[in-house]
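Peer 1: below are the sequence and a predicted model; questions follow.
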Amino acid sequence: MIRFVSAFCFILIVGEVFQVQCEPSKFVKEDKHLYDVVNEQASQKYFATKRKINNNDFKVSGAEAKKVWMYIRHGTRSLKRFEIPILTGLESVAKQVVESFKNEKSVPFSKNAWDKLKTWKLDVSVDRSQSHGKVDMITSSGKTELESVAKNYQGRFPSLFTNKYSPDQFHLLHSTEERCKESMEVFFGKIFGKNAAEGINGTVEGTEYEGIVEAYRVYVDSVQPGQRPANVELPKFQQLPAYKTMVERIVKEFRLKVTDYNTKQKLVSNIFDMCRYEEAWYSNHSAWCSFFKADDIKMLQYGVDLYNFYEWGYGIDQNNKIQCPTIRDMVKSFEGGAAPVTAYFTHIPEVSLHLVAMHAYPEKQKLTADNYGAMSKRVWQSSKLVPFAANFAAVLYGNNQVKFFMNEELVQLSWCKKGVCNLSDLKKNFSQCF
């Protein structure tokens, strides 16, 4: 039984035991700048980054668009199955933190974060009405992202994105993962009408297109032990004094009950993941983000980018050719009699590696564990470049000129003139794939 004795204290009665427990009366001011940094640097949602979209970039003087070839990452999703037991562990962390501060007058949280932390539970499917209670499915926010991108492209190219499906007009495929199937249905449901895309058989499993839509997965399955160098830069970064200082400060400030450094580091990484997920799902100032300062977010996101740079970025030479199947398919679709609209729904490794194969967004120097301080303006920022619903589009115009777009922004390649490329130059400049 609970009896309140003041605005901030209450008596908890268990049997004959009486305990006075007090709620904190002093909270820190919510740091809005922190959430600006989360959205700008670390959030995975498509609309977190302010994009400079110029619709005039989608036009070529004196020529109509003839074909569009698109490569699209699925929209914001709920958790993968393997992530659930890891992040469910934060429920006990939240209880432990609240317990350790329950009789303190002041806490290192805003009132909003404190109230959320007291009752926090992991939302496995995020929105059961949308995700049918399943894991690893597109969320409501993911559907909104995809529908907005679809609406934008239909508005720019209405003669290509017609409102009725025909296999002669549309070549649509998705990876074997359910979230990519659902992304295709949502995207083209916006084009054709609600539920109109659900009957389209776009699976690539067992077809010649499996190595195009799932090129990275096919590559990984073929790699023999020792053929690919280990991804060592992130572990090195996490052992640097500055990184360790950040981890130890967070553990101490929030009274996290972990002892050895590796366990501390993994817990901080899990908290960061939960912060990023909840901001992508809800945009509601996740309580988990309040464990960090703005500089912490930047350092943790650099760790994410560091891993991605070597796994599916410019970090190793082998990555230059992994996505050659998509380069060849793109060029072939423009040179031959392919459908006017080609759209493949895939994953972050494939979209990232397609950019690498195109030599788009190159870094002047490699990201390493030791040059974090010099890389604040790096091009390879995965939260901006390949967030959920990231979309690449190649557009062929009537005068055999091509423009490339990433997340609806014009891609500038060194061999093109102000973003306008000649179709005849594609094979020469993507020579590693031909």
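Peer 2: Arrived safely, thanks for sending.

Peer 1: can you point me to the longest strand in the protein?
Peer 2: Identified as the longest strand of the chain according to DSSP state E is strand 65-73.

Peer 1: in its sheet, which strands sit next to that strand, and in what direction?
Peer 2: Strand 65-73 sits in its sheet next to strand 341-346 (parallel), strand 391-397 (antiparallel), going by DSSP bridges.

Peer 1: packing partners for the following helix or strand past it?
Peer 2: Counting by DSSP states H and E, the next helix or strand C-terminal to strand 65-73 is helix 83-88. When contacts are defined as 3 or more Cβ pairs under 8 Å, 6 or more residues apart in numbering; DSSP states H and E, helix 83-88 sits against helix 261-281. In this view, the C-beta of every residue, glycine as well, is placed from N, C-alpha and C.

Peer 1: just send the strands paired with strand 65-73 back as a markdown table, with distance to residue 425 too.
Peer 2: Below are those laid out as a markdown table (distance: least, Cβ to Cβ, whole Å):
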| stretch | distance to residue 425 |
| --- | --- |
| strand 341-346 | 20 |
| strand 391-397 | 13 |
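
Peer 1: reformat these as a markdown table; add mean pLDDT.
Peer 2: Converted to a markdown table, the strands paired with strand 65-73 look like this (pLDDT from 0 to 100):
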| stretch | mean pLDDT |
| --- | --- |
| strand 341-346 | 98 |
| strand 391-397 | 98 |
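
Peer 1: how about the strands in the stretch 151-300 of the chain?
Peer 2: Here the stretch 151-300 of the chain has its strands, by DSSP state E, counting those that start in this stretch, at 170-174.

Peer 1: buried ones in the helix or strand containing residue 148?
Peer 2: Taking DSSP H and E as the definition, one finds residue 148 inside helix 140-156. Across helix 140-156, burial judged by 16 or more other Cβ atoms under 10 Å covers 140-147, 149-150, 152-154, 156.

Peer 1: repeat that for stretch 281-300.
Peer 2: 281-282, 285-294, 296-300.

Peer 1: repeat for stretch 159-177
Peer 2: 160, 161, 162, 165, 170, 171, 172, 173, 174, 175, 177.

Peer 1: pLDDT on it, on average?
Peer 2: Here stretch 159-177 scores 96 as its mean pLDDT.

Peer 1: repeat for stretch 234-241
Peer 2: Mean predicted lDDT for stretch 234-241 stands at 98.

Peer 1: for the buried residues of stretch 159-177, which two are the farthest from each other?
Peer 2: Greatest spatial distance in the buried residues of stretch 159-177: 162 and 177, 27.6 Å, computed using Cβ to Cβ.

Peer 1: what residue ranges in the chain score low on pLDDT?
Peer 2: Counting by pLDDT under 70, the ranges of the chain that qualify are 1-21, 125-134.

Peer 1: what is the burial count for residue 245?
Peer 2: Other residues lying near residue 245 total 10 when counted by other Cβ atoms under 10 Å.

Peer 1: if we can go back for a sec, so what does the helix holding residue 148 touch, helix or strand wise?
Peer 2: Counting by 3+ Cβ pairs under 8 Å, 6+ apart, helix 140-156 packs on strand 65-73, helix 178-192.

Peer 1: redo that, cut-off 7 Å
Peer 2: Contacting helix 140-156 under the criterion 3 or more Cβ pairs under 7 Å, 6 or more residues apart in numbering; DSSP states H and E are the following elements: helix 178-192.
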